[in-house]
Each structure stands twice: as structure tokens, then as C-alpha cells.
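In: Provided below are the primary sequence and the corresponding predicted coordinates.
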2 protein chains.
Amino acid sequence: MKSELNQLMAERGLEAVVVLASHDYSAALDYLVGSVHITGGMAWKKRDDAPILIVNGMEIEEARASGLTCYTYSDFNYYELLAQNNNDFMKASVALWGVILERLNIASGKIGIYGVGDHHYILALTDLLREAYPHHQFVGESGMTIFDQAALTKSADELARIQSVAARTNAVMAMTWDFISKHHVADETVMKADNTPLTIGDVKRFVRRALLDHDLEDTGMIFAQGRDAGFPHSRGQGDMPLKLGQTIVFDLFPRELGGGYHHDMTRTWCIGYATPEVKELYQQVMTAFDMAIEAYGLGKSTHLMQETVQDYFEELGHPTLRSNPNTQQGYTHSLGHGMGLNIHERPRISHASQEDTFMIGNVVTIEPGLYYPEKGIGIRVEDSFYVTETGELVSLTSFRKDLVLPINGA
Amino acid sequence: MKSELNQLMAERGLEAVVVLASHDYSAALDYLVGSVHITGGMAWKKRDDAPILIVNGMEIEEARASGLTCYTYSDFNYYELLAQNNNDFMKASVALWGVILERLNIASGKIGIYGVGDHHYILALTDLLREAYPHHQFVGESGMTIFDQAALTKSADELARIQSVAARTNAVMAMTWDFISKHHVADETVMKADNTPLTIGDVKRFVRRALLDHDLEDTGMIFAQGRDAGFPHSRGQGDMPLKLGQTIVFDLFPRELGGGYHHDMTRTWCIGYATPEVKELYQQVMTAFDMAIEAYGLGKSTHLMQETVQDYFEELGHPTLRSNPNTQQGYTHSLGHGMGLNIHERPRISHASQEDTFMIGNVVTIEPGLYYPEKGIGIRVEDSFYVTETGELVSLTSFRKDLVLPINGA
């Protein structure tokens, strides 16, 4: 939880963390200072001190809405530094960091750098900082960062927001089911009232609007049919008409509008009818899903849940990433992942990741699947869960798991 | 233009550029390989060779849609490397880069790293790469990057897309004007049919839906009223009712849905009526706008355009960033900026940035403004422009520049 950040900084010898804001939403910035809509600027947190925001004067009102102590670049003499450096923005930025380090009384030690932005920029800036301030170490982090570790366990406030996003995402999933089912059929194709085919693009447009109506935003939904569904991350082709009897993988993982907490869920639908082969594979995925939940235990290594599912699929003759790391059919991905301000957080639920255990406050997905692209088949079922204060695994995802989506004329 | 990339790489001694994909949209990736919806993976371009894509097996179908030569991690033995490195993802990634460098026959030299993602990750990865491959230099770029320089001049194809985004953005601006004007008024407040106030949140919701209907997505519009409008980057408060006679700064800069080209335009509206003071300041901003266009010349330094506007505003007694770099009232920002796959590109139109000149193929904004937050006033007017093959500056922004938005009952 966020309250652990000072301790985590101490454990890792970080004197300060700096989160740079850019035009893009940054989960680290949101986590450290709350939802603040600034373009550029940065949040500094000296260990054991409250975070502060330093922004362009133009952004000061947005920054102040955070409730934090806020400064403008002018407060650190930025424009004088810019003039002294012949308007070289990089040199002036490096000088600005020097003034900030001095004012915050950070004479040496490790400074962790976070945020989302351009790789070329942060590499160039960090090289200059290292040259200019050799008594400090400007560092990244790999593996489990302090933010990853803090975010492993969600607070009650975070959970309440996640539950709200979950309820709204489930509502949009239900609206989408109803939207499709109200169409009619001609020649095995789902048709609109004007007798043109309903396309994946039409469905995605409906979903995006429905999300907005629920103050959510799409972050790249998958709505993939037939052969495309057989590739777990194929997003689906906008101009493809919806057909009866094809597997459709609908993976919806929106977040709060403008950036924030996510919900992640997947359903597999066959419109009108499903073939016996698909029904059988779907039943296997559902069994795997139930086995995964059964395999849950507080404090248990997360990879054991994945291995349970892999054992089952391998017994049925499906390749898995464990039996063949290069396979592109069968069960070709991890069982799940943590989720929060980022769509992918820790813990991982993968046989290849043995460090994570289930903890109180975890929010995770469970999403077994089977993929046979050459047969035109892809199936995945995904709910999100949280681990309660008493260690139980509770679903956040209420929408039904029917395979066949009924439609008139099928 | 993109065709200059090989030459730019040669000039800067770059043997290869690598653009890392992440969950976030990356303009550099889009520029190098086109719109490709992959999560993770990377594009490599060895100088004078076509770019290639290297992705997780799950993403291969999406990658292939780019038309490029595509590889999976498996093709570079990633899973074997992962096993050899005890499932340490960072170590395996470093080993993977080694295999790629070898296969692409890049024995030494500068490798530029680009893309958008987590700062902590790229810093940690690059430190490991530098340690592992001392014959290569893994570098960022500051100032004008090769992508910045190439994107200074847009191709005919790019311009066609930008014109389409411009037309759609103008349509949404017009719809928003009509939407507001169809409300009624009570007690100086804009009211909905149900006799509750129309809020900024309501307007933004309308705008986001209208954008989606035009296959555009919001990237953080500003709709700021009264005192908020006086801070150029204040986004506006969602629960604030629209009031008569207040300045509203509406800055709309959406992009193609899922990432792509932008359009950027701003209008200032007073609903029902404007005070004499606001009318006078608005007229000054419009005069500045016309003077800026008048000051345009092919090959001319861009900063001269800003200085023309600063001369004018300063003569009228308004502080500017040139007369007082710390001012938070008067004219407090640059006159404009290049625009394309990024909302902010080169050239800059700022008195503090003297390297840029107007070139054929430029796409730029021109956006003078005046801000007096303590008086509750903010005014900005912004159109986007392109420089034609014959060197003329042509507007992309057709929507009217009326200050007063008429409404029944005002």
C-alpha cells in the first residue's frame, strides 16, 4: 500500500523518487500524488517527506487541485537558468534539478526516476544528470519496483474505485450482449436494420460510447472473431462482419476516464450457435477456470495456480508454454496478472515467475484460454478478483459466462 | 519526411534505431512502421535497411498487419534465454538484444533508443545493455531528434490525414457550439431541459461522444471558464455550471482513434454576451492572430513571429514571457508549435527558441492569448496551418471565430 513507500525507499536506499509528468497518463504519478492533469512538470518525494509538485506556471492551477505543496519552475529560477544556458532546454533542466536537489537538501545518494514518457528523452537527461551531479546516483528500477511492490496490496479506497469500475464494465458488457442480440440474421451474418452487416467496427463504436456514458475509457479492447480470435492479442478487424457460430473473444479492460483504475474481463461468444468442437473446448476452459479458483490459497505461490491449469490442459493434449515455450497454439499465455492503475501489475500468475504469492489486498485476473488459429478457434474466459482482509478470493466480475449469444433467425 | 531517416541516421552516426512498443501509443513507432497495435515488442531499423518488428508470439498477427518483416521472440531463442537466465526477464531481454545485434550484423556503434514507456524500465535496461555490450553505445537523444527532424516536413499522405482530422475536429467544434446554444437560461446560468444547470462535465461528455462518432479520440481537451480560463492549461472543472458572460477557453486537440495525427484548435466563447473589457481584450488577441499570420515567411525564423506578437502585446501594456519570464498574467506562453503524430512537435514558435525556420511541409499552430486570472478572464484563439509546396501558409481550421455564443433568454 501507498503507506509503505517510505519504508520501501529506505530498504532500497532511495533518497528521493522523482516522477516526471508528460502528456501521457502515468500510473506512478497518479499513485504518488493522485489524479492530476498536468503536462510536463514533476513530482518529487524525498524519503519521509510528503511529495511536492513542480510545474510550468501555466499548469499551477491544475497542480494545486492535488492538494499538495506546489511550485512553479520560476520558484527554482528556471527562466534565469534558461537564459544562462542560452535557451538550451536540456542544460537548463539539468541546472533546475541541481537547484531542486539543493533546496530539498539532498546532497548525495540514489534518486529513483519514474513516470511514462519518451525513452530518448529520459536517457539523454539522465546521462546529463549523471555527468553534472556525480555525488548522486540517478537510477531506474527493474523487476519489482517500489511502486509495483506498494501496489501489490490495494487499500480500501482503491478497492472501492476498482469495484465501481468493475460494476460499470460489467454493465457495458451486458449492454453489448443485448446490442448484438437485437440484430437479425441473413446468410449466417448478423445484419443491421438497414440490411447491411454488423461489423466489429460497429460493435467497438457501440462499446466505446457505452464506456464513455459510464465515465470509462477504452484502452484497446479486443473483439476478435474466428481465426483472429486464435491469436490472444489480435484486436479484431473493424470491417469484418459478425458471423454465426464463430468464436468471438471480447476482452474489455477500460479504465477511469482520463486515467485511473482498470477492470479486466473477457468473454467468448458464439452468435446463434456453437459447434460441438467449440463447445467441448469451451467446457475445458471453464473447467480450467474453476480449477484455478480452487487452487487459490492465501500465501500460496501464484505460479502453482498456473501449473494446475497447465497440468490439466497438458493431460488433455493441449500444448502449453510450459510444455513448449514457442507454441502458438493450445494454451499460450499466463493465467493472470495483478491490475490497478496499470492494466498489468504484480503479482504475475505464470509458471515462469516464481517469486509472487497471494496476499491480502491483491487484485488479479484469472484468464485461461485455448487457441487454435488454424481451426479458426480462440477461447478465453477472464474475471478479475480481489483478496479480502480475511484472505478470500472474491470475484469482481458478475456478467454471465454463456457461450452462445442468442439472436433472432439463427 | 520519413524518407530522410537513413540520411539523418548517417549524419548522427546511428547504426540502428530501436523503438520499443509498450501499452501506450507511441508516435515514433507509428512514424517508423505505421499504425500497429502491439503491446510490447520492438521495431528495429538498421541504417539503410527496412524496419523489422519483433514481438511476443501472441502479437504476431497484429504485427504482420503492418506489412513489415515480423519475428517473434522465439525466432531469437528468447524462451531458451529466459530458461538459461532462471526466468529473469531483464537478463533474458539483455541476452535477446545480443542475439538481435548479432543476427542484424551490428558489431559496434551507436544504437538510438526511442518509444514511449516507463522511465524506470528503460533506464534499468539501458544500464544493463551498456554493461553487457561495451562495443555498442546505447543512446537517447535530446533537442531535435531524428524523428523530430524528419517530422518537421509532412508528406502528402500525412497532410491528407491531417486535413481529414482537421475537418472532423471543426465539425465537432461546430456541434458543440450548436449544442450549447440550444439550451435555455435562468439566473445567468445555462440550463438543461430538466431545469438543472448545464455543466462543463456535460459539455465534455457531449464532445467526447461527438469525437468518437468522427473516429477521433480526446487527448485532454480544455474547457475552462472564468478564473480557470485565466490559466492557459487549466482543463476546467467538471461540476461547474456554464454561466453567461464568462470567458470560456475551449482548446480541442484530438487525434485519430487509437493514436495518430492530431488537429489543434482553440476558441474563446462568452455565452449570451461579453463585457466591454473582454471584447477589447478579444479584439487585441484577434489582432495579434492576424499580425502573426502577416509575419509569416518561408525560410523566416519562427521566433520572429512570436516577437511580433510580443511587441504588440507589450506596447499595449501586457506582460509577456519576454518582458517577464515569470509572469502568470498577460501573454504567458509560446505562439505555437509543430503538430503531427505528437501534439507538440517542431518547429517551436517561441522567442526562446531561435533555431527553427518555416519550411515547406510544416504543420503548425498559431495561438496568441491573454490571461488575467484575478479578473476571471482568459482568452486564446488558435488555428492550425500547413505550409504548401509553394511556401504559402494555409489554415486547416475553418470554424468561425465569434466571441459571443448566442442563446435563448440571454
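Out: Ah, there it is. Remember, predicted model here, so these are calculated numbers, not experimental data. Residues are numbered from 1 along each chain as shown, chains lettered A, B, ... in the order given.

In: interface residues of the stretch 201-350 of chain A facing chain B?
Out: Residues of the stretch 201-350 of chain A lying close to chain B by CB under 8 Å from any CB of the partner chain are A:205, A:208-209, A:212-213, A:219-220, A:228, A:231-235, A:258, A:321, A:325-328, A:332-333, A:342-344. The way it works is simple: take the backbone N, C-alpha and C, and place the C-beta from them, glycine included.

In: out of those residues, which are buried?
Out: Among these, those classed as buried by neighbour count (16 or more other CB atoms under 10 Å in any protein chain shown) are A:205, A:208-209, A:212, A:219-220, A:228, A:231-235, A:321, A:325-328, A:332-333, A:342-344.

In: would you agree A:Ile52 is in contact with A:Arg64?
Out: No - when contacts are counted by CB atoms under 8 Å, A:Ile52 is not listed as touching A:Arg64 (11.8 Å).

In: between these two, what contacts are shared?
Out: Applying CB atoms under 8 Å, 6 or more residues apart in numbering or on different chains, one finds that A:Ile52 and A:Arg64 are jointly contacted by A:Cys70.

In: who's more crowded, the two?
Out: A:Ile52 (20 against 16; other CB atoms under 10 Å in any protein chain shown).

In: contacting residues around that one?
Out: With the criterion set at CB under 8 Å, 6+ apart, A:Ile52 makes contact with A:43-45, A:68-71.

In: and for A:Glu382?
Out: By CB under 8 Å, 6+ apart, A:Glu382 lies in contact with A:251, A:264-267, A:336, A:365-367, A:397.

In: do that again at 7 Å, thanks
Out: Applying CB atoms under 7 Å, 6 or more residues apart in numbering or on different chains, one finds that A:Glu382 lies in contact with A:251, A:264-266, A:365-367.

In: how about these in a markdown table, adding neighbour count, distance to A:Leu316 and secondary structure?
Out: Below are these laid out as a markdown table (neighbours: other CB atoms under 10 Å in any protein chain shown; distance: CB to CB, whole Å; DSSP: H, G, I helix; E, B strand; the rest coil):
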| residue | neighbour count | distance to A:Leu316 | secondary structure |
| --- | --- | --- | --- |
| A:Asp251 | 22 | 23 | strand |
| A:Asp264 | 27 | 26 | coil |
| A:Met265 | 25 | 25 | strand |
| A:Thr266 | 22 | 20 | strand |
| A:Thr365 | 25 | 22 | strand |
| A:Ile366 | 26 | 19 | strand |
| A:Glu367 | 25 | 18 | coil |
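
In: now for the residues you listed: which two are most distant?
Out: Taking CB to CB as the measure, the contacts of A:Glu382 reach their widest spread between A:Asp251 and A:Ile366, a distance of 13.4 Å.

In: quick check, central residue of chain A?
Out: Nearest to the centroid of the C-alpha atoms of chain A, with distances taken as CA atoms, centre = their mean, sits A:Ile343, at 0.7 Å.

In: is it true that it touches A:Met265?
Out: No - taking CB atoms under 7 Å as the definition, A:Ile343 is not a contact partner of A:Met265, at 11.9 Å.

In: mind listing the strands for the stretch 251-400 of chain A?
Out: Ranges of strands in the stretch 251-400 of chain A, per DSSP state E, counting those that start in this stretch, are A:255-256, A:265-271, A:336-338, A:345-349, A:363-366, A:369-372, A:377-380, A:383-387, A:393-395.

In: okay, the ones you listed in a markdown table with mean pLDDT and distance to B:Thr189 next?
Out: As requested, those are arranged in a markdown table below (pLDDT from 0 to 100; distance: least, CB to CB, whole Å):
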| stretch | mean pLDDT | distance to B:Thr189 |
| --- | --- | --- |
| strand A:255-256 | 96 | 28 |
| strand A:265-271 | 98 | 41 |
| strand A:336-338 | 98 | 45 |
| strand A:345-349 | 96 | 43 |
| strand A:363-366 | 98 | 41 |
| strand A:369-372 | 98 | 53 |
| strand A:377-380 | 98 | 49 |
| strand A:383-387 | 98 | 41 |
| strand A:393-395 | 98 | 44 |
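
In: mind checking which of these is nearest B:Leu81?
Out: Across these (criterion: CB to CB), the nearest stretch is strand A:345-349, sitting at 18.1 Å.

In: partners of the closest one in the sheet?
Out: strand A:336-338 (antiparallel) (DSSP bridges).

In: residues making contact with the partner strand?
Out: Here strand A:336-338 makes contact (CB under 7 Å, 6+ apart) with A:152, A:344-349, A:362-367.

In: same check, this time on stretch A:247-260
Out: The contact list for stretch A:247-260 (CB under 7 Å, 6+ apart) reads A:25, A:30, A:35, A:37, A:165, A:169, A:172-173, A:211, A:215-219, A:221-226, A:229, A:261-270, A:278, A:341, A:343, A:377-380, A:382.

In: how long is it end to end?
Out: Counting by CA to CA, to the nearest Å, the length from the leading to the trailing residue of stretch A:247-260 is 31 Å.

In: just stretch A:367-382 next, same as before
Out: Across stretch A:367-382, the straight-line distance between its terminal residues is 4 Å, by CA to CA.

In: same question, stretch A:132-142
Out: Terminal residues of stretch A:132-142 are spaced 24 Å apart (CA to CA).

In: repeat that for stretch A:126-142.
Out: Distance across stretch A:126-142, first residue to last, is 16 Å (CA to CA).

In: contact partners for A:Arg227?
Out: Shown here is A:Arg227, whose contacts under the criterion CB under 7 Å, 6+ apart are A:373, A:376.
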